[in-house]
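Asker: One predicted model, sequence on top.
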Amino acid sequence: MIETSIINKIKNIIGNRYISNDPVELYCYSHDYTSRALSWIYDEYQFMADLIIKPRNEIQIKEIVDLANEEYIKLIPRGAGTSFGGQFLPIDGGVVIDFSVMNAILEINPEEHYAVVEPGVLYKDLGHELKKIGRGYWIPCNPGSAEVCTIGGMIANNASGESAIKYGTTRDYLLNLKAVLGTGQKVQFGSLVKKSVSGLDLLSLLVGSEGTLGIITEATLKFKALPETFITVIASFDSKKAAIEMAGKIQEYITPMSLEIADQAVLSGMNLYLSRIYPKLSLKVSTVALFVRLDGDRETTGIHAQKIKELFMNDKNASDVKILTEEEHEYLWKSRDCSGPSLLRLLRPFRNAAPYAPAILDFAVPFSKIFSFFEALSQIMKENNLGYGIVGHLGDGNLHINTTISLKSEADFKKIGDLQKTLIDQTMSLGGTITAEHGCGLWKAPYLPLEHGKEGVELMKKIKQVFDPNNILNPGKMISPSKLGYFPTSSN
Amino acid sequence: MKNLNEKQILGIIWKCNLCGFCPKDFECPGFDLETRWESSMARGRISIVHAIMQNNELGFQYSPLAKERLFSCTGCGHCFYACPSGIDIPSIITLGKKKLVDANNYPETHKLILDNIKQYGNPFGETSPRDSAWPELKSNTEANTVYFPGCMAIYRLPEVALDTIALFNKFGENIRVLQNETCCSGVLYRTGHSTQLEEVTKSMINDINNNPPERIIFTCPGCLETFKEIYGSELKEKFKGIELIHFSEYLIDKLTDLKNNSDEIAARLENILEKPIIWHDPCHLARGLGIYEEPRRILDTLNIPYIEFEYNRENANCCGSGSGVRSAYPEFSEEVTAQRLEEIKQLGAKTILTACPFCEYQYKAVIEKNGVALEVLDLNSLLTKLLF
């Protein structure tokens, strides 16, 4: 509990209107996609903060960090609350810093092709403004949560999604960052120049650090010209192996904007969603389907689409080959973005009011290993007798397993932990990563040494210690211990 | 919105993934745009209801913030449409309201609505309808078509009912109104007083049951949604087999008749209202009942030009008046309407056309209060102006 005198000091900094310790509000902030599943480790109420604050400028943030260092208060930065790893869930109290009202687009510079924004700006709002300029611009690293996520959250998680195969991740679009470190020091990393090799890349160190090193107060992102057109080609396959081989052939020819795979269950989930928002499009529920999104000028993209269509048509395992209309294209990708939640609805029996937790698990392996990985994941899920669907960014070797887990008994809780470990072991045996884009947060934090080794994690902890010696920033996430002010190394 | 029991609602809540993909912008009228608290977005409201249902010890059923968050939901259903999992969020919130009513933690104005309906049969506490057409139509007991105007048209916007009756006459439709029409009481369900529903509507439903028509035609989408979706199985059993439709659906059968008048209509249109006209999709008519195209087909058939909101049909934004929000939180309700008026201003429209007396009344009230130069019309009133 934070003492009343300290809460009053925080009120003086932030103002009454932008601060809440109402239990109802605290409860609302204690939930996210993973909070139910995480109840195998944490008590539900453990995620309740002591206070939620909504700063409006860098000065307030600096004052809050200074106060937190003086009084040993945990600070948990939060964007839109849409991450998949419990990144913004407080553990045993603390102050959640919600950036939703620090949301101004400060500058859009069409000449230099950059935008300066506050961390709470929604990616979709920035995209909307960029589209209005000239022929239109965009920042193409769109994550699945593109409609609701904030730029600050994207930076803190190095967000990416379906277009990473061609356009990379959020890191690739950052020129400059302003932040307040855990020490209270105000810093600016990067420049307005598109390339620089001067010194260590401190900007990249903050990207994807999940709010454990510093609090982002301003970001400068570069943008690109919006492609003239987007075309999607889809095909159904009766064999996973054939679909994955086809993905290899496509990449020999071109790097598409997106190269996605969805299994039978995910396709059913997408159809459920489409039936509500765009019934004109219904996907064939085959073993797997490939969705290939192309972008560029009309003529070239049209030629590429025809070529992909030919590749599909010449494969005896492919069927229902189709170049989508503009409208179908729009709704297909909408349903793809929402495929996880749509599928999970199917996986839970409607009449059953028993507690369930959703889980979207994120792993990646080298492309050459993806078929073995796909098969192994399916086998593990079947052995655990769990309903599941697999969808992924095939071009990046990145697969997501969507499942629901019953929360009825101790055995169910144990199952979550065992499953997580089995899947991670499988991933590591194939030279992969325990998380390609969803982040560590609380979900994956315990498994970091499996990927980076003891030495790697120790090095990360030392970096954390330099940036945030009192461990006030997002304790318990990634490499931060959950205890405040306590910084264990291998020697202690 | 469906009338579901607690176990069903709990099942739906467990289907919510808490992903946070719910509308966090002006698409949700209840979302606090200035302070953007989590409790004001759909995910937060679901969490509140879940806590009230399963964690009594938290005491949220007595919380002023929980009350404000749940009762400021207009039940527009935009979140239901936007939710990737298709979670029926309005039904969850409505159950939450019921729980707060059980704990006696609800807006005073809703108590007044309940008392008025119980005592006078309408939410306004009025003692008689505002026009003279009713007695005549009540006595026409042989008619196979019942017209159900609803309280808003009977007591606040009689021109909507009179224009509708004029259209019925023009099409030679033999109609009657119920001998004992009381409030459909959808507002009671939507404000958490669902347990009162059967009692206050019993005599009216018996009236229908005693002399069943072939169909009942509604001008208020909220009343129609209440009959179709909200009444429980016992009430529904009493009007089983009776066709329930909105007047815009009825007009679809009259398109040929209407088309014959299209030249005359085009000439009159020039003089009777300011253009451009903008079509407002009422939440209960559009997302609630899935009636999106019928009004547009009528306008297209008559060559009446109109423009669309940027967000329309399934994505249409609420006028701000639903589910007792106008009475409980008038300032907030009017702010939502003012957002719509700003959109209309940006689009340059001069006349708002709709097919819901609640939306019409709300727009008119805020337009008058804010001194905006805009006209609001019901589709039926427009047709009457054009055809007579």
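Answerer: Great, that's in hand. Nothing here was measured: the structure is a model prediction, and the numbers come from that model. Numbering: from 1, shown residues only, chains lettered A, B, ... in the order given.

Asker: The residue in the stretch 101-250 of chain B that chain A sits nearest to sits in which helix or strand?
Answerer: In the stretch 101-250 of chain B, the residue that lies nearest chain A is residue B:105 (11.9 Å; CB to the nearest CB). Just so you know, the C-beta spots here come from the backbone N, C-alpha and C atoms, and that holds for glycine as well. Under DSSP states H and E, no helix or strand contains residue B:105.

Asker: now residue A:251
Answerer: In this assignment (DSSP H and E), residue A:251 forms part of helix A:240-253.

Asker: Show me what secondary structure element comes after that helix.
Answerer: Helix A:240-253 is succeeded, C-terminally, by strand A:258-263 (DSSP H and E).

Asker: Format the CA atom coordinates belonging to that following strand as PDB.
Answerer: Only the C-alpha atoms of strand A:258-263 are listed here, as PDB (Å, rounded to 0.1, in the frame of the first residue of the first chain):
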ATOM      1  CA  SER A 258       2.500 -10.900 -45.800                       C
ATOM      2  CA  LEU A 259       2.700 -14.700 -46.100                       C
ATOM      3  CA  GLU A 260       0.400 -16.200 -43.600                       C
ATOM      4  CA  ILE A 261      -0.800 -19.700 -42.700                       C
ATOM      5  CA  ALA A 262      -3.900 -20.700 -40.900                       C
ATOM      6  CA  ASP A 263      -5.000 -24.200 -39.900                       C
END
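
Asker: circling back: can you give me the angle the helix holding residue A:251 makes with strand A:258-263?
Answerer: 180 degrees (axes from the mean of the first three to the mean of the last three CA atoms, to 10 degrees).

Asker: can you tell me the residue of the stretch 301-450 of chain A closest to chain B?
Answerer: The nearest approach of the stretch 301-450 of chain A to chain B comes at residue A:338, 3.3 Å away (CB to the nearest CB).

Asker: Just confirm that residue contacts residue B:86, I think it does.
Answerer: No. In terms of CB atoms under 8 Å, residue A:338 does not count as a neighbour of residue B:86; the distance is 9.6 Å.

Asker: can you tell me how far the residue of chain B found nearest chain A sits from residue A:358?
Answerer: Chain A sits closest to residue B:84 of chain B, with a gap of 3.3 Å, by CB to the nearest CB. Using CB to CB, to the nearest Å, we find residue B:84 at a distance of 11 Å from residue A:358.

Asker: so what sits against both of these two?
Answerer: Residues touching both residue B:84 and residue A:358 by CB atoms under 8 Å, 6 or more residues apart in numbering or on different chains: A:340, A:341, B:19.

Asker: give me every residue that touches the second one.
Answerer: Translated: residue A:341. Shown in contact with residue A:341 (CB under 8 Å, 6+ apart): A:358, B:17, B:19, B:21, B:83, B:84, B:85.

Asker: my read: residue A:166 touches residue A:230, true?
Answerer: No. Residue A:166 is not in contact with residue A:230 according to CB under 8 Å; the separation is 11.9 Å.

Asker: Pull up the overlap in contacts between the two.
Answerer: Counting by CB under 8 Å, 6+ apart, the residues touching both residue A:166 and residue A:230 are A:257, A:295.

Asker: residues in the stretch 1-150 of chain B within reach of chain A, list them.
Answerer: The stretch 1-150 of chain B comes close to chain A at residues B:7-8, B:10-11, B:14-15, B:17-21, B:24, B:34-39, B:43-44, B:47-48, B:51, B:58-60, B:63, B:65-66, B:69, B:81, B:83-87, as judged by CB under 8 Å from any CB of the partner chain.
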